[in-house]
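Could you look at this predicted model? Sequence included:
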Amino acid sequence: MEVPARSPDGSEQCPQGRELVASSTGSTLCMSSSRSESVWTSSTPRSRWDIYRKPLVVVAVGVAVFVFGVVITSLACFLKEHKKVYKMSGPAFLSLGLMLLVCGLVWIPIIRKKQKQRQKSQFLQSLKSFFFNR
């Protein structure tokens, strides 16, 4: 059974499977990869739904909130009772929905760019391993 690595002062423990890097000060740092890095560097192919699910959900929620804001704002024009409530909450839902919609629409090109970078990186890694592992 392996004992988890400790820093020189004994206060920190690094979980198994993580790299230890010695810094210039002599202490040991625990490098951990974030979840987003592991998603982009995994070798298993993922479906388009797995890749674009989150931004599409954000876009769909944004559209729904935006439409709800349009309905609430239009109620302020037609109904006389509670007019102040409709005038205040309608634009709030409009802006929230528009914000979610824009965030989701901007997220999609970012994912496409990361996909292209990942493909380039895998290609360069295969070239490097081909030439240097001879």
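Arrived safely.

Pull the contacting residues for Ile51.
By CB atoms under 8 Å, 6 or more residues apart in numbering, Ile51 lies in contact with 111, 115. (Each C-beta comes from the backbone N, C-alpha and C, glycine too.)

Correction: the previous question concerned Leu105.
Going by CB under 8 Å, 6+ apart, Leu105 touches 55, 59.

Next one: it from Met99, what distance?
As judged by CB to CB, to the nearest Å, Leu105 and Met99 stand 11 Å apart.

Equivalent analysis for Ile51, please.
Ile51 is 23 Å from Met99, by CB to CB.

where's Val58, which helix or strand?
Taking DSSP states H and E as the definition, one finds Val58 inside helix 48-78.

How about Lys80?
Using DSSP H and E, Lys80 falls within no helix or strand.

Over to the one 4 residues further on?
Here Lys84, judged by DSSP H and E, is contained in helix 83-132.

relative orientation of that helix and helix 48-78 in degrees?
Counting by axes from the mean of the first three to the mean of the last three CA atoms, to 10 degrees, helix 83-132 lies at 160 degrees to helix 48-78.
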